[in-house]
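> fold the following, please.
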Amino acid sequence: MEICLKGKIAVVTGATGQLGRVMVKTLASCGADVAVHYLKNKDKADEIVNEIVAKYPVKAIAVQADITDENSVNSMRDKIKNELGNPDIVVNNAVIQYKWVSVLEQNITDFQSQFDSCVKHNILMAKAFIPAMIDKNGGKFIGINTECSYLCNENSAAYASAKRGMDGLYKTLAKEVGKYNINVNQVAPGWTISEHDRINNTEIAPEYSSKVPLNRRGTDKEIANVVLFFASELSSFVTGACIPVSGGTVML
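Numbers count the residues shown, from 1 in each chain. So this is what the prediction gives:
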């Protein structure tokens, strides 16, 4: 079976990141025109765009935005609409990085930054892109959550609490826009092997893997494959779901 996204338009936020770059390339490999979002790393975004258009018969553009700022997100929306069209697929992957410490030590600004990138980000993307999906009577709105929101391990409070807030947003949104044939779903990766690990030979992590029922770390491609499932018609009757891609570390 081949998954065909020909004629579809996708935008991936945080597309220059370790997981995002594989997601956007995977969608393009199945025929989708893609918008490669970045905040600061324009060179990487351009590199990804060039790689995609050289390899696949699709259109690709780089788009800059601060995903926590409404005007910036709306400007990105307008650029995508003008150069590609209104997206059928939105993948919200961007997140702000910060230092993990205990709740008592964590600066309150870190909780705010995680709320902004995990909850506000998704609200702004929904407000920007879902109205056009409603007009088309269909669309795929996909968020990248995390196993951390279920495990709630020590020192993860800012991240885990924000991602839990994101989960509530997605489930509510799924109920609100389902009547417009819009699927709203999440993917929750575990600690994933990415290009950074391959370059630095850090793929093997026995202490972590020993706690995973499948006894290994997942890969960036395995995360992208589940995103692809949600982006395709194979998931046409799935909404409000969150699939952990964690080798069994999280079971729902």
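> going forward, measure contacts and count neighbours with C-alpha atoms only.
OK.
> burial count for the residue nearest to residue 235 when sequence neighbours are not counted?
Nearest residue to residue 235, sequence neighbours excluded (CA to CA, 6 or more residues apart in numbering): residue 229, at 6.2 Å. Using other CA atoms under 10 Å, residue 229 has 13 other residues around it.
> can I assume residue 35 is in contact with residue 16?
No: at 11.2 Å, residue 35 does not count as touching residue 16 under the criterion of CA atoms under 8 Å.
> more crowded one of the two?
Counting neighbours by other CA under 10 Å for residue 35 and for residue 16 shows that residue 35 has the greater number, 30 against 27.
> and the more buried one, that one's in a helix?
No: under DSSP: H, G, I helix; E, B strand; the rest coil, residue 35 sits outside any helix and is assigned strand.
> distance of it relative to residue 161?
Noted for residue 35: a distance of 29 Å to residue 161, by CA to CA, to the nearest Å.
> and for residue 141?
From residue 141 across to residue 161, the span is 21 Å (CA to CA).
> the more surrounded of those two?
residue 141 (29 against 19).
> quick one: secondary structure of the more buried one?
Assignment for residue 141 (three-state DSSP): strand.
> touching, the residue nearest to residue 235 and residue 238? I think so.
No: using CA under 8 Å, residue 229 is not in contact with residue 238, being 10.2 Å away.
> show me where the stretch 101-250 of the chain has strands.
For the stretch 101-250 of the chain, the strands defined by DSSP state E, counting those that start in this stretch occupy 139-144, 182-189, 192-193, 218-219, 242-245.
> save those as JSON lines, and put in distance to residue 6 and mean pLDDT too.
JSON lines is the format used below for the strands of the stretch 101-250 of the chain (distance: least, CA to CA, whole Å; pLDDT from 0 to 100):
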{"stretch": "strand 139-144", "distance to residue 6": "14", "mean pLDDT": "98"}
{"stretch": "strand 182-189", "distance to residue 6": "18", "mean pLDDT": "98"}
{"stretch": "strand 192-193", "distance to residue 6": "28", "mean pLDDT": "96"}
{"stretch": "strand 218-219", "distance to residue 6": "25", "mean pLDDT": "97"}
{"stretch": "strand 242-245", "distance to residue 6": "25", "mean pLDDT": "98"}
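> those strands: which one's closest to residue 120?
Nearest to residue 120, of all the strands of the stretch 101-250 of the chain, is strand 139-144, at 12.4 Å by CA to CA.
> report all helices and strands that the closest one contacts.
strand 89-92, helix 121-136, strand 182-189, helix 220-231 (3 or more CA pairs under 8 Å, 6 or more residues apart in numbering; DSSP states H and E).
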